[in-house]
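Novice: Provided below for reference: sequence and predicted model.
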Amino acid sequence: MTWEGNRFDGTIGLTVEESTPSWPEWPRPAEGQPNVLMIVLDDVGFAHLGCYGGSIDTPHMDRLAAGGLRCANFHTTAMCSPTRSCLMTGRNHHENGLGNISELA
């Protein structure tokens, strides 16, 4: 039996006891792939972090930045939800349908 392109190898009985689940394999990265950590800070500018030349002492962030990749050409919006949607999709916040804060009541 297939469902949305996935093979179902379990059985569906009349009760839970008569059924056997069939969970798909979790995707796994290829051997040797790097770990990726993205840190997104709200209401923080270049002048706030020492790794970008700011005057505030941020030793832990500086150490993380020294061992990784620092991005310096990303446009942020004035609100956190649209900015995060741009980062996750790679598209402008108006193009991905998130021009406002998600939980704005």
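Specialist: Cool, the structure landed.
Novice: quick check: which ranges of the chain have low pLDDT?
Specialist: Applying pLDDT under 70 to the chain flags residues 1-6, 102, 104-105.
Novice: longest single helix anywhere in it?
Specialist: helix 80-89 (DSSP state H).
Novice: name the residues that touch that helix?
Specialist: Here helix 80-89 makes contact (Cβ atoms under 8 Å, 6 or more residues apart in numbering) with 38, 40, 42, 74-77, 91-93, 96, 98-103. For every residue, glycine as well, the C-beta is placed using N, CA and C.
Novice: quick check on those: which are buried?
Specialist: 76-77, 93, 98 (16 or more other Cβ atoms under 10 Å).
Novice: can you put those residues in a markdown table and add secondary structure and distance to Arg70?
Specialist: Putting the buried ones among the contacts of helix 80-89 into a markdown table (DSSP: H, G, I helix; E, B strand; the rest coil; distance: Cβ to Cβ, whole Å) gives the following:
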| residue | secondary structure | distance to Arg70 |
| --- | --- | --- |
| Thr76 | coil | 15 |
| Thr77 | coil | 20 |
| His93 | coil | 22 |
| Leu98 | coil | 25 |
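Novice: so how far is Gly32 from the residue nearest the centre of the chain?
Specialist: In the chain, the residue lying closest to the centroid (Cα atoms, centre = their mean) is Met88, at 5.9 Å. In this view, Met88 and Gly32 are 25 Å apart by Cβ to Cβ, to the nearest Å.
Novice: likewise for Ser81?
Specialist: Taken as Cβ to Cβ, the span from Ser81 to Gly32 is 35 Å.
Novice: which one's more surrounded, these two?
Specialist: Using other Cβ atoms under 10 Å, the more surrounded residue of Ser81 and Gly32 is Ser81, with 16 against 5.
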